[in-house]
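Asks: Just the structure for this:
(one chain, ligands or ions: 2)
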Amino acid sequence: MKVLYFDCFAGISGDMTLGAFLDIGADPAHLERELAKLGVPGFHLEIDKTQKRGITGTKCRVVMDGHEHAHRHFSDIVDIIEGSGLDEAVKKTAIAIFRRVAEAEGKVHGVPMEQVHFHEVGAVDSIVDIVGAAICFHDIAPDVVYGSAVNAGQGFVKCAHGLLPVPAPATAEIIGKTDFPIYAKGVDGESATPTGMAILAELASYSAGFPQMAVDTIGYGFGDREFEILNGLRLFVGHTDSEDCGILVMETNIDDMTGETAGYVLEGLFEQGVRDAFYTPIYMKKNRPAVKLTVICDAGKEETVTRYIFAQTSSIGLRKYQVDRAVMNREIETVDTPFGPVRVKVCTYGGIVKRSPEYEDLKRIAGETGKSFMEIEAAVYKYL
Ligand SMILES: O=C([S-])c1cc(C(=O)S)c[n+]([C@@H]2O[C@H](COP(=O)(O)O)[C@@H](O)[C@H]2O)c1
Ligand code: NI
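Replies: Ligands and ions are numbered 1, 2, ... in the order given. Okay, here's the model as predicted:
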């Protein structure tokens, strides 16, 4: 399983992310080819393998070929991305990152997200940063993604609104929607930007410690400014032998949702790729019959599942805990039976062996022969 870890020791910005992705092996030619599909003229990338404080890394800058002062709405940006020839997965990721910025800007300036008038972030360099990050992310294609606490900086930053406190209000809103803790150390100024924070929030889940992995590649993406500390984003790519990068159990008690919604939610959770989701009947306060929703998922899905539950159920709080588990090795074999070939799941663990026929095959044979499921099951077991 491929693991990607964002080490945000000096915060995160759009260009630092692009630089770091290129430094861990994202293909620059692929990035430029895909960016051209946006159909937005007037920019090129400046990619330099360079050193900062004696550390080798990559600097990636979006250089404007002319002057660009477009003020775009969220819908304009969605139109550009949707209308491009980019892969669907890249489009989805890029729009989701922009949505986080639009929601934050809307909240800060007191307007609905649709009316947000992007200033800095509507400019071509920001579109390239965000879409470029989505392209590189899908190029690297990790199975799970984590991020550290974010060194967001301190003091004030000069931007289109004038002198604003750090983290800038939009950055603070984006951070506030995540589990990522922030702190300030060795940075006098802004080290986490709205673009960078939205990329991190969309791609990664917070990990309190270094995630378990054998490290394969380390890359640095450098920022422009000089701080007391090295101004860079460090990415780790590694792998774990097991399929597990941690399993999460999430639970919430619900006493005010219709049965139809409950069924809908369970189906939707499986579409989000959870390992299991189920309801348990319970009694809650004031003797209300209710259900406990339990979801079991990979730790990397924490943010996706959290957002799904809050968006789709009446729940306003979740209990989450990481669990250890023991799993048997599983393999599928095919055995010949008088009913034809049947797939058998063979599970082994330290000399223990369990063999069981695949349910779907038994169901099919029961349907084809008109015999009962129990009869087919008993007959097939003789051939295991
Ligand atoms: O453009 C946006 S959304 C924006 C909002 C704010 C607010 O806090 S409101 C601040 N800024 C500042 O602009 C620059 C560039 O940001 P990028 O995300 O494009 O790198 C940065 O200093 C932000 O704090 C932008
Ligand atoms: Ni703003």
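
Asks: Skipping adjacent residues, who's closest to the residue of the stretch 201-350 of the chain found nearest ligand 1 in space?
Replies: Scanning the stretch 201-350 of the chain for the residue nearest ligand 1 gives Gly223, at 9.9 Å (criterion: Cβ to the nearest ligand atom). For the C-beta atoms, the positions are set from N, CA and C on the backbone; glycine is no exception. Once flanking residues are discounted, Gly223 sits nearest to Asn231: 4.2 Å by Cβ to Cβ, 6 or more residues apart in numbering.

Asks: Then Ile309?
Replies: By the measure of Cβ to Cβ, 6+ apart, the closest residue to Ile309 outside its immediate chain neighbours is Ser315, 5.7 Å from it.

Asks: got any ranges where the chain has weak pLDDT?
Replies: Filtered on pLDDT under 70, the chain yields the residue ranges 68-70, 119-122, 241-245.

Asks: longest helix anywhere in it?
Replies: Scanning the chain for the helix with the most residues, using DSSP state H, yields helix 88-109.

Asks: Which strands and helices lie in contact with that one?
Replies: Contact analysis of helix 88-109 by 3 or more Cβ pairs under 8 Å, 6 or more residues apart in numbering; DSSP states H and E lists helix 74-82, strand 117-118, helix 124-140, helix 169-176, helix 194-203 as its packing neighbours.

Asks: Go again with 7 Å.
Replies: For helix 88-109, the contact count by 3 or more Cβ pairs under 7 Å, 6 or more residues apart in numbering; DSSP states H and E identifies helix 74-82, helix 124-140, helix 169-176, helix 194-203 as packing neighbours.

Asks: could you give the angle of the longest one to helix 88-109?
Replies: Counting by axes from the mean of the first three to the mean of the last three Cα atoms, to 10 degrees, helix 124-140 lies at 140 degrees to helix 88-109.

Asks: Sheet partners, orientation included, of the helix or strand following helix 124-140?
Replies: Scanning forward in sequence from helix 124-140 by DSSP states H and E, the next helix or strand is strand 144-147. Paired with strand 144-147 in the same sheet, following DSSP bridges, are strand 2-7 (parallel), strand 205-206 (parallel).

Asks: want to try a markdown table for the ones you listed, with distance to Thr294 and mean neighbour count as columns?
Replies: Written out in a markdown table, the entries for the strands paired with strand 144-147 read as follows (distance: least, Cβ to Cβ, whole Å; neighbours: other Cβ atoms under 10 Å):
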| stretch | distance to Thr294 | mean neighbour count |
| --- | --- | --- |
| strand 2-7 | 26 | 22 |
| strand 205-206 | 19 | 22 |
